[in-house]
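>>> Take this sequence and fold it.
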Amino acid sequence: MDLEHKFARFGDGLSVTEDAVIEGYASLFGQVDQGSDVVQQGAYRASLAGLVKVGQRVKMLWQHDPAQPIGVWDEVREDNKGLWVKGRLLESTQKGREAAELIRAGALDGLSIGYRTKRAVKNDKGQRVLTELELWEVSLVTFPMLPSARVAAKGTAPEADDTWRSIAEVFDHARQELART
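Have a look, this model is predicted:
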């Protein structure tokens, strides 16, 4: 099975503080993304428990590049809304500093999960319902796939930026079309 990526804008209330702590939702349950996938509640449960059991963490990467870790996720958990993450950008690294500044400026607002699908089913709408995922990493990205989850610099309202959301949707659609050819 190949590693898949699921793009999502940071969830409600995600912000970066002056000490580069970020928190919010990396994935929201029950919402259809632009790839017609829906993550079901509980899909991450076994993966997260397995990581804890062996003393490992979900990685925080820059644009899915395994050569560019930019921080650490101190907390990754499921709740009734989605996959909630809290971590620290490592501003001692060049990419960590850049990411913190880009988030603060509002130029970067996306998260993407890197995972392997363990179990999925098709629903009557033709959507793939992801029921069990092996979560590997959560990356900061430029163009997310799930428009309902996004990052906000401290003190800004995520809903106020519909223009950027629309632009990201256009790029995501174009990326999908190019992948089909």
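>>> CA only for contacts and neighbour counts going forward, please
OK.
>>> Where in the protein is the helix or strand with the lowest mean pLDDT?
helix 162-180 (a mean of 53; mean pLDDT, DSSP states H and E).
>>> what are the ranges of the strands in this protein?
Counting by DSSP state E, one finds strands in the chain at the ranges 4-9, 15-16, 21-28, 37-39, 59-62, 65-78, 82-89, 110-122, 128-141.
>>> outside of the fourth one, which residues touch it?
Contacts of strand 37-39 with the rest of the structure, by Cα atoms under 8 Å, 6 or more residues apart in numbering, involve 27-32, 127-131.
>>> which pair in these spans the largest distance?
Ser27 and Gln127 (16.6 Å; Cα to Cα).
>>> Which one's more surrounded, those two?
The neighbour comparison of Ser27 against Gln127 (other Cα atoms under 10 Å) goes to Ser27, with 29 against 16.
>>> Which residue is the nearest non-sequential neighbour of that one?
Leaving aside its chain neighbours, Ser27 sits nearest to Leu83 (5.0 Å; criterion: Cα to Cα, 6 or more residues apart in numbering).
>>> Just the pLDDT at that neighbour, thanks.
pLDDT for Leu83: 93.
>>> Likewise for Ser112?
84.
>>> ok, Gln69 - contacts?
To be clear, residue 69 is Pro; Gln isn't right here. Neighbouring residues of Pro69 by Cα under 8 Å, 6+ apart: 59-62.
>>> The same query, at a cut-off of 10 Å, please.
When contacts are counted by Cα atoms under 10 Å, 6 or more residues apart in numbering, Pro69 touches 59-63, 89-90, 93, 95-96, 137, 139.
>>> which of those residues has the most neighbours?
Busiest of the contacts of Pro69 [other Cα under 10 Å] is Ser139, holding 29 neighbours.
>>> about what we covered before: looking at it, the residue nearest to Ser27 is touching Arg77, isn't it?
Yes: with contacts counted by Cα atoms under 10 Å, Leu83 reaches Arg77, the gap being 5.7 Å.
>>> quick one: low-confidence parts of this protein?
For the chain, residues meeting the criterion pLDDT under 70 lie at 1-18, 144-181.
>>> Including distance to Ala49, could the strands of the chain go into JSON lines?
Listed next are the strands of the chain as JSON lines, based on distance: least, Cα to Cα, whole Å:
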{"stretch": "strand 4-9", "distance to Ala49": "20"}
{"stretch": "strand 15-16", "distance to Ala49": "26"}
{"stretch": "strand 21-28", "distance to Ala49": "17"}
{"stretch": "strand 37-39", "distance to Ala49": "18"}
{"stretch": "strand 59-62", "distance to Ala49": "15"}
{"stretch": "strand 65-78", "distance to Ala49": "10"}
{"stretch": "strand 82-89", "distance to Ala49": "13"}
{"stretch": "strand 110-122", "distance to Ala49": "15"}
{"stretch": "strand 128-141", "distance to Ala49": "11"}
